[in-house]
Structure formats: C-alpha cells, structure tokens
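[1] coords below, sequence missing:
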C-alpha cells in the first residue's frame, strides 16, 4: 500500500471539493494531507492531496476526469524519489551543498548524473559515486553544444533538471524540450539585478540586503516563475566579493528549498507565478 | 449574502472532508477558502472554511452535527468584526501600536474599551475616541481588584481580551472566566527567559538574538499555547535597555500578528499548542 | 559636561587615527565610543567618535583642522535632540508609528510640525500636541505649492525632514534647499519596483518576499543613498492589498530605524551609498 | 610585507587609543581596519586592528606593553590560516557543510584532521583528502577515551577545535587543556532547550521558531559564551523530525559563521559573553 500525491489544476467550479472527495471516498481512500487554493482573479483551482489506500491509478484518474472540468490537469504521482540530472560549470558551492544533502537523505531524489561544460567538478562528484559527464563547449556553436547536452540529459529521462550555477544561457529549444522541469538559481533578489554580475550591481547600488531567487527557466532571462527567495543583511564594509561570499549561503538554501518543494510535488505553475501547496 | 467562517475541531475519521463538503454542496454554498490539518499523533482533525451563499445557521450546524463525530466542536461565525477589550498598565508602545492599526482599519475589531490599573494612558486612549477605564489596585487585594476588572470586562461582552503589557498576574478565576479568549505578549522568545525582566536575563546570558512571544494565557505563567513569535538580532554593544528598545518592535509585530489571526478565526488550540489555518 | 559627537569625513592618510586621538588626548577628553571605516577603493576615511569632557568647540575644531587633510569635513554635534519636520499626505500608518515612538521617548527628536497637502491627518497629529499645517495643492502649480511648503519648513529650521508617505514628487529646488536632510520611505525593496504602485508590481511579478527602503532623497526618483532596508515573506495567497498591509510593518520599521540612525548622527553619505557607524 | 591582526583586551584607561596609535605610527605601520569596544559596566577595552607594514613582532609587542595597563592581553597574529582539528560522531550534515566550504576556499583554515568516535564518516572525509582518525569509545571509560582523543588532538597542535555534532560530553580536563579554543554547535536557540533532544523539546512546547547556537565550550553544559545564533520559522505541521531537518540549515550556517569569525580573530571572550569586532 503506497501513498500517492494527487495534483489538480483546473478552472474553479461549484462543488469541486465535494466531487473530488466523493470519488476518493467511494474508492475507500484515506486523505492524509490536503491543501487547496482558489485564485479568485483568474478563477483557477489548485489542489494537492496525499492519499493512501489500495489505488488503481487508471480507474481513479478516469473517475476524477468525469467529475472535473474538461481541461482540468490531473496528476497522480507515487510518493517516491524523482530522477534528477544536475547541470553545473565550475563553481562547487551549490553543487556541493546538494551532494551533502543528498547523502544525508534530505532530498527525495535519485541524482542520476551531473553534466558540466568543464572538468573542474569531476572529483567532487565522483567521490559521491555519481556519474560525472563533461561536455565541453570548445569549438562548438551554442546550438551544437546544447544539442549534445539535451541528448545526454534525455538518456537519463529525468523528471527534474537542476541548474546548479550552470553558466550557459539556454536556448528556447532546451526550454521547450523540458517544460516546467528546469530549476535555476539566480544570485540576486529578483527582479532586482537581472543579468550578469548581480553582486557587483548590488555593491554599486549600495543596498543593505542581498538575496537569491530560485525559479523555473523560461525563455526570458531571469524572468521565469519564482519558487523561492531569501535574503541576507550586508553593510557598507562588504566588497562585492564579500557579498558573493555572504550570498552563497542564501543561494544554497534557496535552491535546496525550491528543489525539495519540486521533489515533493508542491509547486504549481500559475501564469508567470507559482502556487505552493 | 454574508461570508461565514466554519470551524471544525474533531477526532479524525474517514470521509470527513467528503461528508462536510457534501453538506455544504447540498446547501448550495460556495467554498471561498478551505484549509485542513490532521495531526496523525493525536488523530485530530481541524478545518477552517470560508463559505458564502444563503445560509441558515441553525440548519447548517444541525446537518453538520449529523455527519461529524459526536464530540466534534463546530463553530459558524459571521465574517465580522469582533468585540475586544484591551487591558494595559503604563507602557504605551504596544497599546499605541494597536490603536494606530485600529484607525488604519488593519484590525477586524471593535475596541470597546481599554481598562488599566493606572491613569497614565488615559489621554492616549481617549484621543482615539475609545473609552478608558482606570481600576486602581490601591488598597485592594489581588482578588478584590481582579473581581472589579472581571466585572467591568464582562460589561463589554468581549469575544477577545488583549493584554497589552498588562503588568499584573491573572488568577485562575480570570483565566477560567474567559477560556481561550485572553491573548498576552511576553517580551522574550519563550521558553527562554520566563518570568520577570527577560531583557535583563537575556543581557546577562549574552544572547545574540532576542524575541517576543504572543500566547494564550493559562494558569501556568508564560506557558500557554504559543500563537506567534519573532526575533531581532542584537550584539555585544546592547545594554539591556537597548535590548528593551529593540525588543519593542518585535513585541508590537508579534502581538498585532497574533491578534489579527485571532480576529480572523485562524487559531485553534490543540493541547498546549496552536494550529493556525 | 556634555557629550559630543565628532564626525570626520576625509581622504584617508597615514596617521589619521593617531593625529585625531592626539588632539583629543591633549584636550583631556574621554573617548566614549569610536568607530572608523576606510574605503580602500575610494581612499576615504570616516570616523564617528563620542567624546566627553570639558569642550571648547571652536578650539577643538581648529586643532582638528590643523592635523587633518585640507578638504576634510569635520562636525562636532552636541549629543542632543534634533529639530525635525515631517511631511505627510493622507496615510496614517507610518506617521502614526512615528508619533507613538515619539511619545515613548524612542526618538531623539523634537518634532516641530507635521505639514501635509491634505487635511486628513489633522486630528491624529494634534492629539499628540504637535502643530499640523495643511498646505493644499489645489489650484497651484507644482512649483507654487512647493515654494509654500519650503517656506513653511524653513520657518522651523529643521535639521531633518522626514517624508512619512508624502505622495508628491519633490523638485530639484527642494532637494537642493535641504541637502542630505530629506529622508524618504519607499515601499519596495529597491532597486526592485521603482516608481508607482510597487505592491502591484510585486504581485504581478510573483515574488515571495517584499520589502521597504529608507533613503535620502536626491533628484533621481527612488535612487538616493539607501540607509535601511527590510523584508517580509509573502506567498501566492496574498493579493496586492494583502502585500500592502504586510508591507506596512516593514515600512514602519525601516523608516523609524533610518530616522533614529540619522538622529544619532550615524549615517555618512558616500557617493550614492551610505556608511553607517 | 604581511598583514597582522593586533588584539588588545585590557582595563579601560584614558588615552588608550592615542597611546596605541602612537606606537603604530612611530613604527610606520598602516592601520587597514580598526574596531574598538568599551564596556562601561566592566570598564573593559577591546580592540582589533589590522595593520600592515614592516613589522618586528617582538619589538612592537614590547612597545605596546609599555603604554598599556599591566595586565593587558596583547596578541599579534599573522593574518594567516589557522590549524584546525574537527571532532565528529556519525552525522554528516554539519561536517559535510564545513568540508564543502573548505574546498571552496571560504574558510581561512587548514583542516589537519577529523577525529571521530565512529567509522561512519571516514569515506566522506577521506574523499576530501583530509586524514580521518577513528577513536572508538568501546570498552573505555569516558576518561580513558578522552585521554586518547586529547593526545591525538595535541599531535596536530591546533589553534581551534570544532565540534561538528560530536555527541560526547567533554570532561573539565578537555576544556582546561584547550581554553577558549573549543567551538560547539547546539541545535537550539539557547538558553531554550538545553540538553538532550532539543527538537523534541521544541515540538513538545509548540514554538513557532527554532534555532541553533554556536558557543565556546565550558564546563557548564550548553552554557559557554555564545558566538552566533540564528533561527528559522516553523509551524504546527512540523513533526520533530521536520524540525530537525529545518534546523540543519541553521546549524550549518551558525557553526560556519562562528567558525569564520574565530578564524578571523574577531571574537573576544568577555566573562560569559563574547565581544565581536
């Protein structure tokens, strides 16, 4: 007997909770946890329910479909580890943090591989008994390199792709190949300091707080739906290098926090925002 | 057509959500917001639902009672302002903060009166056109004084009583007269620094963070169910007076936050803890 | 015997601390507190020292001038309350918060008057026995209205001007009339959401944290040197009105924090940044 | 030409800053950074100064001694990496976090060895090319085991000893062998929840915020001088295991923060408190 996570994303309508709970009750299932959200502006209904009992997936999905609006998105995921591929470049702090959490059992994931465009992180990754694949971009066009990366990522059939300070801009092809599946960490409190060198920008502006933002990758640089943010106080004594160092703590926490919420199926995309249940 | 807040606190049982939503659906009511929590250790179920539609209160309560466990607590409150009495002594910062929020329309309350054991705050309160009653404790025993206070509080039939730095210890009589209705602010991060002079205690111990705690009053001093807490960083340069000053910001925010959650019927008492939906 | 605050802002040079402390020592003064900061990029030296003893101001300034670089800025302020004028419009939350702190003795200020372009706040202000002057902008050009405001502000010879949600854009004339003297609160975490309706912008973008920023007013809207910032977490359930309500706490704290630091002579302007000692 | 950190801990006296800066000036040294603190209650003076120039250590110490009170503690440390030994048991999260920071170059340390009373962490540590020594306590009295640990620690002549979730209580012998050198992380917001199972205690009490505390080890369990603290919000849905997981982030940040401040010679012990400059 396994736990399942039921995810519903649909237009709102009268009696939705009643109709859904009727199906669950008729199937003799227990509701272990339940959370809903209705956005009254967009008239959208989101629901995340953890159910247990003897489940016939196809049957249950069919019955739910019958009581829900036509274009409702319904997912029924086993409460299980998700397969993940991590992309990285040279920096070790965020990747290392994920690996430590991984061996601590904090992440509900199977990290299938780390793919990087440089060799620097090989030893770190392999020490954790995780495959490391370097796909150098030397001599390749952006498209050629990315094609190779996409092919390799696809070999692992990941449910999630985490950019752990992957310092290459993805093309629309990449984004469309893995819709709502690519998680990025940006080292600023978005929408402040979009683009390159946010710590230098923050230093220049003289802010008293810096932050980091985890978001889904879309075709607009640093403008995808935000999943998690956090901040840390700084003061006038911080050089931009000091800010970068202080910011690393925030990057680690924000990325791992967003990652865990995705692994737990807690995040819905709602336009250019997220609903987290 | 008014909004109502339905509050259910009961033993958990299979089909609760289904049964409740069936009643709501049969009565043709809309669910505007819904949150549940099941505590698997204590097997308790808590639910807070905002419903709209044409409601016959007695009928609805009766129908809900029929589908819920025998000892279920069911409340159906109009989404409306609550009548409140504030008790204070001499300090103005927390009281003043509440009054400013009150005139800003931030608090879903009718402040019926401020009752104090000293005259100091009269001008402040009356300037906001709120009755101020001073019940001096001079020459009275604790019991005699409290009896007068209880009598006066009862005149206003408040749904909530807020202790805004009321510097007298309440007797069990007071607590039993107003069960789950008395909100207090303690100027420490409980359970650290219970009792008198928490800022002096904190200074003595050399902590790097101080806090405040809003809690229901019970017969155990500073040990009632915690509703809200917050903290602020300090450092070695802070005297205990500096800590007190820094702590005031936290006291204000924590108390007003807890107060608003009570006004919005978001807080359930669960043993010596709170569930906030 | 009074305490003085010595403020030095100069090019860095070898032996500055030695030379300054020699003068203080020769004058038989005690150093109660001392803080320095050297910015190695700009080669600037900032120092804030609280001194006590029998002080002849002119003499001391003269002796310090002799040992410091030619263009050094040297100030010697009595540790005393500063005269302040507050500008406001209609919103009461920030102003009310300052008034409550004022009567609590938290602010080292004499609030000489509140000047507003609407009548709404008169009762609130006068209840605290502070003069309220309404200068309506009706039928006046921006320049005509501002001229009247400047004239009235000047009547009070304030050392600081606090914009407590003053909803009019100041002209360069105003800024130049009171250089480094005008403190503003902006209801966003600058540089995110510059300009109008930052809470609506934040809601639109789907951020998970909102903030507020206190800064000196310059001729570039919302781009003056930042003094203080703070943030608060929000989530997908917040409408922009909920954000505005949550943001009010932050606005109050950030503005009063910046205000107190200015009253304590802790803030140096350093290019478009601040140094806080 | 190297940078040095000058640390002075003495009774306060008139002219201290003048006298110290005179010696530095006479030796033709640059003051790169300077911070002082005077505790007016205890009449103690603390100073941390980063100096550069051509330094004769013995000479400089001698000259400073001449101008300072007799029992002044004066240290002159090269601004260099400190030798460190880490003690651990079985948990990897805090240790792993330190190791990731170590290879990132965030820590100004040479980690000479990790000593543990179990074998579990060997692979993790050795993968980072750091010696791992297991000293099992099986069949040994507390004193016998500790004697072996002390002997091994002494082999590395560390300037600092970090307890990274070392789950054994140290005897007074250990504490006296390494005075002001042993850094511990306690997984609660001290002084709340001293002793065993703080997360279970916190769950029991129903707090809304949990924390962690880094402190010097003394003979009073969890009562040594606090160096750093931080907190994280939780709610009623957290089991104590969830709290432990959430708390790990805080433990990592608090310990690494305190560790870095010790490596940078920023922490003075002042009675049972710390002064951080």
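    Looks like it came in fine. A quick note: this is a predicted structure, and the numbers were derived from the prediction, not measured. Residues are numbered from 1 along each chain as shown, chains lettered A, B, ... in the order given.
[2] from now on I want contacts and neighbour counts done on CA atoms only, so please keep to that.
    Noted.
[3] which bits of chain A sit near chain B?
    By the rule CA under 8 Å from any CA of the partner chain, the part of chain A lying against chain B is A:14-15, A:17-18, A:21-22, A:25, A:30-38.
[4] can you tell me which of those residues are buried?
    Burial by neighbour count, judged by 16 or more other CA atoms under 10 Å in any protein chain shown, picks out A:15, A:17-18, A:21-22, A:25, A:30-32, A:34-38 from the residues of chain A next to chain B.
[5] among those residues, which are located in strands?
    Of the positions in those, A:30, A:31, A:32, A:34, A:35, A:36, A:37, A:38 sit in strands, assigned by DSSP state E.
[6] what's near enough to touch the last one?
    Just to be clear, that refers to residue A:38. When contacts are counted by CA atoms under 8 Å, 6 or more residues apart in numbering or on different chains, residue A:38 touches A:12, A:44, A:45, A:46, B:32, B:33.
[7] other SSEs contacting the helix or strand containing the third one?
    The one in question is residue A:45. Assigned by DSSP states H and E, residue A:45 falls within strand A:44-52. Using 3 or more CA pairs under 8 Å, 6 or more residues apart in numbering or on different chains; DSSP states H and E, the elements in contact with strand A:44-52 are strand A:3-11, strand A:30-39.
[8] out of these, nearest to residue B:176?
    strand A:30-39 (34.4 Å; CA to CA).
[9] and residue A:59, what is it in contact with?
    Contacts of residue A:59 (CA under 8 Å, 6+ apart): none.
[10] what sits closest to residue A:126 if chain neighbours are left out?
    Nearest residue to residue A:126, sequence neighbours excluded (CA to CA, 6 or more residues apart in numbering or on different chains): residue A:132, at 6.4 Å.
[11] for that neighbour, give the beta-bridge partners.
    residue A:114 (DSSP bridges).
[12] looking at it now. What's its pLDDT?
    If you check residue A:132, the pLDDT there is 98.
[13] that one against residue A:120, yeah?
    No: with contact defined as CA atoms under 8 Å, residue A:132 does not count as touching residue A:120 (10.5 Å).
[14] quick one: which of these two has more around it?
    The neighbour comparison of residue A:132 against residue A:120 (other CA atoms under 10 Å in any protein chain shown) goes to residue A:132, with 20 against 15.
[15] how close does the more buried one get to residue B:261?
    Relative to residue B:261, residue A:132 is positioned 50 Å away (CA to CA, to the nearest Å).
[16] tell me the contacts of the nearest residue to residue A:10 once chain neighbours are set aside?
    Once flanking residues are discounted, residue A:10 sits nearest to residue A:72: 4.3 Å by CA to CA, 6+ apart. Contacts of residue A:72 were listed using CA under 8 Å, 6+ apart, and they are A:8, A:9, A:10, A:11, A:65.
[17] ok, so of these, who is nearest chain B?
    residue A:11 (14.0 Å; CA to the nearest CA).
[18] number of nearby residues for the closest one?
    Residues contacting residue A:11 under the criterion other CA under 10 Å number 19.
[19] how much space separates it from chain D?
    Going from residue A:11 to chain D by CA to the nearest CA, to the nearest Å gives 28 Å.
[20] isn't that residue up against residue A:45?
    Yes: between residue A:11 and residue A:45 there is a contact under CA under 8 Å: 5.6 Å.
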